[in-house]
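>>> sequence and predicted structure are below.
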Amino acid sequence: MPSDQAATPNALRQPSSRASQLQLVGVLSGLAAGAWLGAAEAPAKLVDVGLSPLLISLVMVVGVFLARWSLPALVLGTSSVRSDVRRAPHLIIWALLAGCLWAVANTLTIFAIRDIGLSLAFPLWNSNSFLGVFWGFLLFNELRQAGWCRWMGVLGGALVMFAGATVLAMTASGGATGSYSWRGICAALGAGVLWGTMYIPYRKAYLTGMNPLSFVTFFTFGELAMMTALAVSYLGFAPLWRELSGARGVLFWLMLGGFVWVVGDLFQQYAAKYVGISRGIPLSNTNQLWGLLWAIFVFRELRGHPASTYLHVVGGSLLMILGVAAIALSSATGAEQLRWKEAASREAIRYGMDIDTIAKLMEGRQSPGRIRSSRSLGDWLIVGAATFIFAIFATMARAPRLSLDLLSAAALSAAALLLLFICGLALWRITRFN
């Protein structure tokens, strides 16, 4: 029987130094994703002022749509997107499917936040970590021949993170009861299942070397189409229009939340590409910690609670940090990476793709014959149009009638921007955003 090394095409083998660099940038991407995904959930607190969850989700998706086209156009240019589509047109269908799953899951999170609060909803939908480990192992050879130490690091880290998240949820929820709490729990768990399944298309795309900036542009068509269908069928066109007209003052904040979410999701996409979904999803699920920080310090969800509550929060947070450290240190070994390459080879054969091209793209390099990224007049028009639309809604914006700690909001925003700079610089130096 041939060995794994013999069974893997030579083109798909990476030098160990390059593999270590990609592991580092994948871990950094997962941590940056957590900060930005956690911040993006803050606008969902607008359900507290009586807006429909369907309206909130739809407007956020509009912001997502604008960001998913303007950011790739700004960073690499749409020529890179066209090149990826020509090379792997089958992935458009997978991107649309992932977008539909995301739209339904995001809507469920809004219902969950309304019924059980942000603090409790976060850990329930972050159970998608375990689905990520399961799908990564079953379909994409992740953690195969990783050794028991790394198995313990990934699974043990995910379990410790979940334990910490549970402590945080039990502390922050205040023991909510009644039919609304059960409905919210089911909504949050349903979102976790859909998001965990959504990562299958992610990994299929990145095993064949697709650029995350290309994948998300088609992902968003599925999001917008599904979310529009849900909102119109649930509310009706005329009531939906009346709600949109009546909520003009807060539409900008919801669109901004969608934009922030896209920044976090792009980092999550790079994490899924370079460390796999079994590691990338748990790392990005540090959004639980960031969401808790927003809930406690900005929205004051624990105001009036005894000191013991804050001790539980600190304990749960430390557990989550220990879990994150265990996963971050459980880097893929050479044997496991060879199994990843076998999965990539299988995808290449299935769709008739070139092994040498996939090898270059999986390493975050420019493939032979690929069009060099550049920004055209059309790209600048896309960026300008998105900016103009955001500016129009910003002129109509008013401060939400919520009790906010603006100093804490500024501090958390500054921390997220610092992570954006650090991770963005690492991605540029190591992969040129490929």
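In hand now; what should we look at? Numbers count the residues shown, from 1 in each chain.
>>> use CA for all of it now, contacts and neighbours both
Noted.
>>> can you list the low-confidence ranges for the protein?
1-16, 44-49, 118-119, 168-180, 366-374 (pLDDT under 70).
>>> OK, contacts around the closest residue to Arg150 other than its chain neighbours?
Nearest non-adjacent residue to Arg150, counting by CA to CA, 6 or more residues apart in numbering: Ser330, 5.0 Å away. Ser330 makes contact with Cys149, Arg150, Trp151, Gly153, Val154 under the criterion CA atoms under 8 Å, 6 or more residues apart in numbering.
>>> and the third one, what is it in contact with?
The neighbourhood of Trp151, defined by CA under 8 Å, 6+ apart, consists of Leu143, Ser330.
>>> under a three-state scheme, what state does it occupy?
Following DSSP: H, G, I helix; E, B strand; the rest coil, the label given to Trp151 is helix.
>>> likewise for the one 10 residues further on?
In terms of secondary structure, Met161 is helix; the call rests on three-state DSSP.
>>> which one is it nearest to, not counting chain neighbours?
Met320 (4.2 Å).
>>> was I right about that neighbour contacting Phe162?
Yes. Assessed by CA atoms under 8 Å, Met320 is found in contact with Phe162 at 7.3 Å.
>>> who has more neighbours, these two?
Neighbour count, other CA atoms under 10 Å: between Met320 and Phe162, Met320 has more, with 28 against 25.
>>> quick one: what helix or strand has the more buried one in it?
Here Met320 sits within helix 307-329, counting by DSSP states H and E.
>>> quick check: next helix or strand after that helix?
helix 334-351.
>>> by contact count, what packs against that next one?
Applying 3 or more CA pairs under 8 Å, 6 or more residues apart in numbering; DSSP states H and E, one finds that helix 334-351 contacts helix 4-7, helix 179-207, helix 355-362.
>>> could I get the ones you listed as a markdown table with mean neighbour count?
A markdown table is the format used below for the helices and strands packed on helix 334-351 (neighbours: other CA atoms under 10 Å):
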| stretch | mean neighbour count |
| --- | --- |
| helix 4-7 | 13 |
| helix 179-207 | 22 |
| helix 355-362 | 21 |
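>>> distance from the helix holding Met320 to the middle of the chain?
Centroid separation for helix 307-329 versus its chain: 21 Å, with CA atoms, centre = their mean, to the nearest Å.
>>> same check on stretch 333-341?
Using CA atoms, centre = their mean, the offset of stretch 333-341 from its chain centre is 24 Å.
>>> please begin residue numbering at 57 from this point
Right, with 57 as the first residue, what we last looked at is stretch 389-397.
>>> buried residues in that stretch?
Thr389, Gly390, Glu392, Gln393, Leu394, Arg395, Trp396, Lys397 (16 or more other CA atoms under 10 Å).
>>> same check on stretch 202-212?
Ala202, Arg206, Trp207, Met208, Gly209, Val210, Leu211, Gly212.
>>> same check, this time on stretch 438-446
For stretch 438-446, by 16+ other CA under 10 Å, it's Ile438, Val439, Ala442, Phe446.
>>> can you check stretch 133-149 too?
For stretch 133-149, burial by neighbour count (16+ other CA under 10 Å) applies to Gly133, Thr134, Ser135, Ser136, Val137, Ser139, Asp140, Val141, Arg143, Ala144, Leu147, Ile148.
>>> let me see the contact set for the fifth one.
It stands for Val137. Going by CA under 8 Å, 6+ apart, Val137 touches Leu269, Ser270.
>>> can you do 6 Å?
For Val137, the contacting residues are Ser270, by CA atoms under 6 Å, 6 or more residues apart in numbering.
>>> can you tell me the element it falls in?
Assigned by DSSP H and E, Val137 falls in helix 134-143.
>>> now do the following helix or strand past that helix against helix 235-263, angle only.
Toward the C-terminus, helix 134-143 is succeeded by helix 147-172 as the next helix or strand (DSSP H and E). Angle, helix 147-172 to helix 235-263, by axes from the mean of the first three to the mean of the last three CA atoms, to 10 degrees: 160 degrees.
>>> and helix 147-172, what does it pack onto?
helix 109-131, helix 235-263, helix 268-291 (3 or more CA pairs under 6 Å, 6 or more residues apart in numbering; DSSP states H and E).
>>> nearest to Arg454, of those helices?
Nearest to Arg454, of all the helices and strands packed on helix 147-172, is helix 109-131, at 15.9 Å by CA to CA.
>>> once you drop chain neighbours, what's closest to the residue most central in space within the chain?
Residue closest to the mean C-alpha point of the chain, counted by CA atoms, centre = their mean, is Asp321 at 3.4 Å. Nearest residue to Asp321, sequence neighbours excluded (CA to CA, 6+ apart): Ala89, at 6.2 Å.
>>> before we move on, back to that, the helices and strands packed on helix 390-407: which one's closest to Arg356?
helix 235-263 (20.3 Å).
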